[in-house]
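Asks: Kindly generate the corresponding structure for this input.
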Amino acid sequence: HRDLHSFPTRRSSDLTPNTTYYYEIVATNAGGNSAPSTSASIATPQVQAYMPGTLTAMLSGLSSISLSWGVSTNASGYTIQRSPDNGLNNDWQTVGTKTGASATTFNDINLSQNTTYYYQVIATNSVANSLPSNTANATTVPAAPGALTVTAASFVGTNLGWADTAGETGFSIERSANGT
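Replies: Residues are numbered from 1 along each chain as shown. Below you'll find the predicted structure:
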């Protein structure tokens, strides 16, 4: 009878989380190899989702912002959060979720004009959520100026006037000879 502590053992340390591994043992000596032992299996536990890759935000319409980020290892989905002040007041609000590790885009729609929005993404799985991604931001376009008026200033000049819009940093005047 052999002491249980004297049985040969070997440690496997290069395993992937959330994976099933199957083992069997073959004894060897100068005469050759034995038949294999019975097989045994073990499933490694799933681990916390890793932080998503670099998040980017870009304007995708007058009042929508498109987000994209890199795949997170061990993620089963993502939570998309938005803040009006980059989280300075701990005011991150969930604006969407995506299911699947490769679901790495989101379009935030119906946003207010002339507003900067800040975003972060958290990878999720059944064990634990990741730390938030980097923050990314984009600014929606200002509202259109209103009530354009044109008056003659001379035989070759005009005066233009319009209702101001809040938050613009400038105006572009466009002119055509045919109205298009």
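
Asks: What's the local residue count around residue 76?
Replies: The burial count assigned to residue 76 is 17, neighbours taken as other Cβ atoms under 10 Å. Bear in mind the C-beta positions are built from the backbone N, C-alpha and C, glycine included.

Asks: Which strand or helix spans residue 153?
Replies: Assigned by DSSP states H and E, residue 153 belongs to strand 146-154.

Asks: Give the pairing partners of that strand; include direction for each.
Replies: strand 157-163 (antiparallel) (DSSP bridges).

Asks: residues in contact with the strand holding residue 153?
Replies: Strand 146-154 has contacts (Cβ atoms under 8 Å, 6 or more residues apart in numbering) with 158, 159, 160, 161, 162, 163, 165.

Asks: where's the third one relative to residue 175, distance?
Replies: Looking back up the chat, that one is residue 160. For residue 160, the distance to residue 175 under the criterion Cβ to Cβ, to the nearest Å works out to 10 Å.

Asks: Which one of these two is surrounded by more residues?
Replies: The neighbour comparison of residue 160 against residue 175 (other Cβ under 10 Å) goes to residue 160, with 12 against 6.

Asks: for the contacts of strand 146-154, which one is nearest residue 97?
Replies: If you rank the contacts of strand 146-154 by distance to residue 97 using Cβ to Cβ, residue 165 comes first, at 34.4 Å.
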